[in-house]
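Undergrad: how would this look folded up:
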Amino acid sequence: MARRRSTTVKKQAKFGVGISVIAVSMAFLAWLGYGESKTYYHTIAELETLKGSAMNQRMRIGGTVAPGSIRHLQGRVDFVLEGEGRTLPVTYVGTDPLPDTFIDKSQALVEGHTGPEGRFVAEVVQAKCASKYEAAPGGKGGAAPGATEPRGM
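TA: Just a heads-up that it's a prediction; the model follows:
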């Protein structure tokens, strides 16, 4: 009887240790993933003030694509973002194709890290074309008058 109890306790101990190892591993992986997925948003002007480890962290930066600055090169796309009277040279090295709305004077949000010589290395580029969201020339914007009124009244 004592021998059975001893084997049962050993099995429970092994099971407990195994569960503990799995739980600690999962917690470590979650913590590691959270740390790598953190992205800080900065403006182009704020980049000059960053120092030390803040320069190496993953960040997002928004601005307007400078006219005539988009250059499609082998394995990358170079362009310049403008904002707050400053410019930022960007190299996009991501694997996804650039959005159709990524054109001169479009608003762009780049995600990545600072690279050598002040160039920003982007792994993600999001863009929207402001002209798609403006009112048509001569138009007043908004819904046409009476468009929401019921007919026949």
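
Undergrad: Report the central residue of this protein.
TA: Glu111 (4.6 Å; Cα atoms, centre = their mean).

Undergrad: so what pLDDT did the spatially closest residue to that one that is not a sequence neighbour get?
TA: Using Cβ to Cβ, 6 or more residues apart in numbering and skipping the chain neighbours, the partner closest in space to Glu111 is Val124 (4.0 Å). In this view, the C-beta of every residue, glycine as well, is placed from N, C-alpha and C. Per-residue confidence at Val124 stands at 91 (pLDDT).

Undergrad: Run a quick neighbour tally on Val124.
TA: Counted with other Cβ atoms under 10 Å, the neighbours of Val124 add up to 13.

Undergrad: For the stretch of helix or strand it belongs to, buried residues please.
TA: If you go by DSSP states H and E, Val124 is part of strand 120-128. Going by neighbour count (16 or more other Cβ atoms under 10 Å), the buried part of strand 120-128 is 120-122, 125, 127.

Undergrad: Please tell me how far Gly18 sits from Thr8.
TA: Relative to Thr8, Gly18 is positioned 16 Å away (criterion: Cβ to Cβ, to the nearest Å).

Undergrad: Sorry, slip of the keys, the one I care about is Phe15.
TA: Here Phe15 is placed at a distance of 11 Å from Thr8 (Cβ to Cβ).
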